[in-house]
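1. Sequence first, predicted coordinates after that:
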Amino acid sequence: MLGAGLAAWVISSRNEAPAAGQKYIVDQPEHMETLRSEHDRLSATVNAAESQLNIERSAQKQLVIQVKALEVDNAKLKEDLAFFESLLPANATAQGVTIRRLKAEAVAPSQLRYQLLIMQGGKGPAQFNGSLQLAVSVVQGGKNAVIHFPDHASASSDKFKLAFRQYQRVEGTLNLPEGAAVRSVQARILNNGQVRTQLSTNL
């Protein structure tokens, strides 16, 4: 009787064991699906963070570029302000054309940059039509020389023409012979072939 009962319990246990194992196997796909969902969620979060970081880096680069551009503009504005501070003539009733400012500087071994501010005083002056001539004193090969701009054969003489009522700002770059060392620059304002005013500056 006891033997029959023990045998029945063993058979029952064997029959129930596969059912428990089968339930464990059935649960595995659900667990994997949960892991996949969590992986996808984390991947999306990482991708979004990287995208935001790239946007911020790009914005920072643009900001650096804008700051540099503003610094250049600011320096230019300061230069213009200094240049145009002389717009108010010392004598508002003074007649005639004058050169209020002349600036020249070497920007390369064979290049000279110049800036002028030319004014015409008096109340309601008529338009002035004339031209600018630059005489550059140089030392070349141990000898002194004067180079005129424009020369008679120059095709760029139009850029030296003047036409204004109260003031005109003139600037440009001159190409010099190789090895020429600039000593001074003289600016002359001509009208009908006559020199109306002139101003010199040393380098």
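-> Sure thing, it's come through.
2. what's the domain layout of this structure?
-> Domain assignment for the chain, taken from automatic domain parsing, gives 1-87, 94-202.
3. Where among these is average confidence lowest?
-> Lowest mean pLDDT within the domains of the chain: domain 1-87, at a mean of 70.
4. Highest mean neighbour count out of the domains of the chain?
-> Mean neighbour count, computed with mean count of other Cβ atoms under 10 Å, is highest for domain 94-202 among the domains of the chain, reaching a mean of 15. Every C-beta, even on glycine, is put in place using the N, C-alpha and C of the backbone.
5. who touches stretch 102-116?
-> Stretch 102-116 has contacts (Cβ atoms under 8 Å, 6 or more residues apart in numbering) with 83, 99, 101, 132, 134, 136, 169-178, 180, 182, 185, 187, 199-201, 203.
6. Looking at the residues you listed, which are in strands?
-> Taking DSSP state E, the ones among the contacts of stretch 102-116 that sit in strands are 99, 101, 132, 134, 136, 169-175, 182, 185, 187, 199-201.
7. Against K61, how distant is the most centrally placed residue in the chain?
-> Centroid-nearest residue in the chain, with Cα atoms, centre = their mean: A69, separated by 4.0 Å. Distance, A69 to K61, by Cβ to Cβ, to the nearest Å: 13 Å.
8. next one: P177
-> Distance from P177 to K61, by Cβ to Cβ: 44 Å.
9. got it, and N175?
-> As judged by Cβ to Cβ, N175 and K61 stand 37 Å apart.
10. try T201
-> For T201, the distance to K61 equals 42 Å [Cβ to Cβ].
11. A181 too?
-> According to Cβ to Cβ, A181 stands 43 Å off from K61.
12. K78 now?
-> K78 is 26 Å from K61, where distance means Cβ to Cβ.
13. got the contact list for E178?
-> P109, S110.
14. residue ranges of the strands in this structure, please?
-> Under DSSP E, the chain gives strands at 96-108, 111-121, 128-140, 143-149, 161-164, 167-175, 181-191, 194-202.
15. Is it possible to get TSV of those that adds distance to S37?
-> Below are the strands of the chain laid out as TSV (distance: least, Cβ to Cβ, whole Å):
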stretch	distance to S37
strand 96-108	66
strand 111-121	68
strand 128-140	79
strand 143-149	79
strand 161-164	77
strand 167-175	68
strand 181-191	77
strand 194-202	79
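16. Nearest to R57 among these would be which one?
-> Of all the strands of the chain, strand 96-108 sits nearest to R57, with 36.0 Å by Cβ to Cβ.
17. who's Q186 bridged to?
-> Bridge pairing for Q186 (DSSP bridges) gives the partners A135, S200.
18. And M119, by the same measure?
-> Where M119 sits in a bridge, its partners, by DSSP bridges, are T98, Y167.
19. That one and Q166, how far apart?
-> Distance from M119 to Q166, counting by Cβ to Cβ: 7 Å.
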